[in-house]
Structure formats: structure tokens, C-alpha cells
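[1] sequence-free structure coming up:
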């Protein structure tokens, strides 16, 4: 087996083990509350937009509300989602957008991850609570590779093909509990 395949296999195995973190018992209950701050949106040229943002997480009987509000007042964009446990002991959750879209979420090492494709764009969403702050970030770009390398033999070893996807937008919010 090539060195590249062994490294990839080890990475996948370590990710599976870390998905079983013992801190899953604190999530999402410890995140409940109202978090507020400013969302900054960047492209490679710099900051292109900044808007107020709020994330409201409340416990329901079978789920948690996961309400994101962008902006303020009458023009605020309010998105009412639900966060549900799928297999919490393995860090598996879902965000139900309540419009036929359900996103898989994985809680690993104190951080919530979601990776999905929509309309030709690949997005990675992360949310993490550090002390009294919540760090919310979405990285996005086209799902079509910008570059494909590898995929051939090199010095007697078969190198796997690697596709590099462009990153063109970063959305970041530092939120504090209100």
C-alpha cells in the first residue's frame, strides 16, 4: 500500500475516533441562549459587508431551535431552523431548515461542522463556543476544482488524484451571549 493511502487511511480513522468525544454530553444544552454580534463577509480582496447577527438556541422537547437573524428591525432576515440529535453519542446531528432541506451536522472536539454543496458551491460551516464567545464561520467557493494534481506514478509510488477547490468567501461572526 502506498504511503499516501496509508496516511489517508490513518486520517479517516482518527476522524472516526474523534467523532466519539466524551464532551458530546454537554452539547447542545451548554450552547442554549441568545448569542449576538456582527457577521463580517470577506472575499480575497477584503471585507465586503458587515451586518448584525444573532443566533438563538432554545431547548424544545425533541429538538433545539436554531434561529439565525441577520440585520435588525423590520428588514432583518430571520431563519428558523431546528437542531436535532441523530446519534449524539457519535456527534451526529442535523439542522432542519423546515423547507425540505436538512443538513448533516457533526460535533467533534467541541466544534459543530457541516459541509454541503448548493447550486455549484461547496460550503463548510463551523460553530464553536470558546469561553463566553461563539465563533461562527462559513467558508465557500465553487465545487468545481480549480486544479487537479497527482493521479500518476511518482518515484515508484502511485499518487492519488487531488482536487483543489477555490475558496472565495469567508463569513465570520464573533458572538457573545446576551
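    Received the coordinates, thanks. Source: prediction; values computed, not measured.

[2] the helix or strand of the chain with the lowest mean pLDDT: what's the following helix or strand?
    When the helices and strands of the chain are compared on mean pLDDT, DSSP states H and E, helix 3-18 comes out lowest with a mean of 49. Proceeding N to C from helix 3-18, the next assigned helix or strand is strand 33-43, under DSSP states H and E.

[3] list of residues touching that next one?
    Applying C-beta atoms under 8 Å, 6 or more residues apart in numbering, the external contacts of strand 33-43 come out as 47-57, 70, 134, 136, 168-178. C-beta: built from backbone N, CA, C; applies to glycine.

[4] just stretch 132-145 next, same as before
    Stretch 132-145 is touched from outside by 31, 35, 37, 39, 53, 55, 117, 120-129, 163-177, with contacts defined as C-beta under 8 Å, 6+ apart.

[5] go again with 7 Å.
    Outside stretch 132-145, the residues that touch it by C-beta atoms under 7 Å, 6 or more residues apart in numbering are 35, 55, 117, 120-128, 163-177.

[6] quick one, strands of this protein?
    In the chain, strands defined by DSSP state E lie at 33-43, 46-59, 64-70, 77-87, 92-96, 102-108, 111-118, 121-130, 133-142, 147-149, 153-154, 157-158, 162-164, 169-177, listed in chain order.

[7] residue 27: which of these is closest?
    Between residue 27 and those, the tightest spacing by C-beta to C-beta is seen for strand 102-108, at 5.3 Å.

[8] quick one: strands adjacent to that closest one?
    Next to strand 102-108 in the sheet, as set by DSSP bridges, lie strand 92-96 (antiparallel), strand 111-118 (antiparallel).

[9] grab the nearest non-local neighbour of residue 59.
    Beyond its immediate neighbours in the sequence, the residue positioned closest to residue 59 (C-beta to C-beta, 6 or more residues apart in numbering) is residue 32, lying 5.6 Å away.

[10] follow-up on the earlier one: can you put the strands of the chain in a markdown table and add mean pLDDT, mean neighbour count and distance to residue 25?
    Below are the strands of the chain laid out as a markdown table (pLDDT from 0 to 100; neighbours: other C-beta atoms under 10 Å; distance: least, C-beta to C-beta, whole Å):
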| stretch | mean pLDDT | mean neighbour count | distance to residue 25 |
| --- | --- | --- | --- |
| strand 33-43 | 98 | 16 | 18 |
| strand 46-59 | 98 | 15 | 15 |
| strand 64-70 | 98 | 18 | 15 |
| strand 77-87 | 98 | 15 | 11 |
| strand 92-96 | 98 | 19 | 14 |
| strand 102-108 | 98 | 18 | 11 |
| strand 111-118 | 98 | 16 | 15 |
| strand 121-130 | 98 | 16 | 15 |
| strand 133-142 | 98 | 17 | 19 |
| strand 147-149 | 98 | 10 | 42 |
| strand 153-154 | 98 | 10 | 46 |
| strand 157-158 | 97 | 12 | 43 |
| strand 162-164 | 98 | 12 | 37 |
| strand 169-177 | 98 | 17 | 20 |
